[in-house]
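> Following is a predicted model, sequence given first.
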Amino acid sequence: MSTQSRKPLAIALCAALSMMILAPVVQADPQFSSKREERAQRRAGAGKGNAEEAKAPPLYPNATRKEPETKASPKVIKSLQEMQGLYEKDDWAGVIAKADEVAAMPSAGAYDKAIAYSMAGNAAASQDDQLKAADYFKKAIEANGLDNNGHYSTMFNLIVIQYQEEKYVDALATLDRFIAETKTEKVDHLGLRGGILAALDRNAEAAEVYKGLIAKFPDDKRILMNAVAAMQSDDKFAEANVLLEAAYKRGMLSEQRELRALYVGYMNDSRWADAQKVIEDGVAKGIIKEGPDLSRDYQVLAQNAYVDDKIPLAIELYSRAAPMAADGEAYLNLAKVLDYADRKAEAKAAAKKAIERGIKKPQDAKVILSR
C-alpha cells in the first residue's frame, strides 16, 4: 500500500442519499360517469317520471344523506330529453348551452338542475376544460337533486379534477366531506386522501393513512410504496426500511424503483453491505438494469468503502460503476483509488479512460498519467 496521503475523490458523493421515490398515488378513476349510467339517471326522472323504475344498486350503501325524489318537472322533461339527444351525439357545446337553459328555467326543480349541471360537467370534461367541468360539478352537488349514486359520483368527479389541477386544499376538503357522508372504506378513496396529504407536504398524516390501509390490505403494493414515500419524505427512514424489508422478504418488490427504495434506505441507515446485497440480487434477477443511475449508486457504495479504508472493495465497486457512468468521473475516482493502492499501471489505464469519457478536471487524470 502506498504511504502517500489519501487524496479526495473526484466526486464528493453524499453518503446519505435522498430516498424519496415517485410513488404512484393510489389512483382515483379519472373517468366520469358513463353514458349508460347517465341515461339510467335521466330515465329515472325524464322517462315515465318514476325514479324507482330505473333504480340502480347503491354504490354508497352506508351514505348518511337522505336521497331526494329524483323526478323531473313536467315542464322540463322535453328540454332534458333534448339535452340527452345532444349528449348522445357528442355535441358538448350544445349540451352545455342546453344545461344552462334548463337550470335557468323557473319551473326547474332540484333534480332538473342537478342532472343538467352534471351532464354539463361531463361535457366540459370531454372538451378538456377541467375548470369549467369542476364548476358545473359543484353546481350539481349544490343543487342536491340526484340520487346518492349520482350525487356522490359527481362529487368524486370534482375531487379528481381538483386533485389533477393541483388544487389540493380544495380536493382534501371535498374528499373529507365525501368520506364523512358516504362512510366509504374503499382503498382508492382512502388512498387518494393519503396522496393529497402528501401533495400538501403533510407527510406524517399521509403515512398514518397508508399505515391504516396496510393493516387492511397487506398485499397491496401501491399502498406499501405510498407509505414508504410518505415516511421517507417525513425523514422516518427507519420506519420505511422496516416496511420495505418485510416486503422484500415476502418477494413483493419486483420493480427496480422498489428495490432502489430499499437499498437507498439501507444506505441512509449506513447498512452498506445490505444495500450491496440487494443491488447484486436485483442485478442477478434482471430487475435492476445497468445504466447511469446504477452507476451513481455503486459510486456511493464505493466512496463509503474508500472512507472506511476498504480499498479492494472500493476498487471493485468503482470498476463496476465506471463503464455504466454517463461520463468519465467514475473512471477518475477508480484511477485515484488504484493510484493510492500502488497499482500504477491500472491507475493510468483508468485515468486514460476518464479523459476519453470526459471529466471536469482533466488535469487530475494527467497527474496520474505523468507518474
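Cool, the structure landed. None of the values given here were measured: they were computed from a predicted structure.
> contacts for the host helix or strand of Glu239?
Element membership for Glu239 (DSSP states H and E) is helix 237-249. Under the contact criterion CB atoms under 8 Å, 6 or more residues apart in numbering, helix 237-249 has outside partners 19, 207, 214, 221, 224, 227-228, 231-232, 253, 258-259, 261-262, 265-266, 268-269, 278. C-betas here are computed from N, CA, C, even on glycine.
> Give the buried residues for the very next helix or strand once past it.
Using DSSP H and E, the next helix or strand after helix 237-249 towards the C-terminus is helix 256-268. Buried positions in helix 256-268, judged by neighbour count with 16 or more other CB atoms under 10 Å: 256, 258-268.
> From the residues you listed, pick the one nearest Asp112.
Comparing the buried residues of helix 256-268 against Asp112 with CB to CB places Glu258 closest, at 50.4 Å.
> That closest one and Val76, how far apart?
54 Å (CB to CB, to the nearest Å).
> ok, now Ala330?
For Ala330, the distance to Val76 - CB to CB - is 72 Å.
> Looking at the two, which one has more neighbours?
Ala330 (33 against 23; other CB atoms under 10 Å).
> Which residue, other than its chain neighbours, is closest to the more buried one?
Ala322 (4.1 Å; CB to CB, 6 or more residues apart in numbering).
> check which helix or strand covers the one you found.
Using DSSP H and E, Ala322 falls in helix 311-324.
> can you check Ala171 too?
helix 168-182.
> Which strands or helices does whichever helix or strand comes after that helix pack on?
Sequence-wise, the next helix or strand downstream of helix 168-182 (DSSP H and E) is helix 187-199. With contacts defined as 3 or more CB pairs under 8 Å, 6 or more residues apart in numbering; DSSP states H and E, the packing partners of helix 187-199 are helix 148-164, helix 168-182, helix 203-216, helix 221-233.
> Can you add mean neighbour count, distance to Ala133 and mean pLDDT and give these back as CSV?
CSV is the format used below for those (neighbours: other CB atoms under 10 Å; distance: least, CB to CB, whole Å; pLDDT from 0 to 100):
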stretch, mean neighbour count, distance to Ala133, mean pLDDT
helix 148-164, 23, 6, 97
helix 168-182, 18, 14, 98
helix 203-216, 19, 27, 96
helix 221-233, 24, 26, 94
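> Can you add distance to Gln130 and give these back as a markdown table?
Output for the helices and strands packed on helix 187-199, formatted as a markdown table (distance: least, CB to CB, whole Å):
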| stretch | distance to Gln130 |
| --- | --- |
| helix 148-164 | 5 |
| helix 168-182 | 12 |
| helix 203-216 | 24 |
| helix 221-233 | 24 |
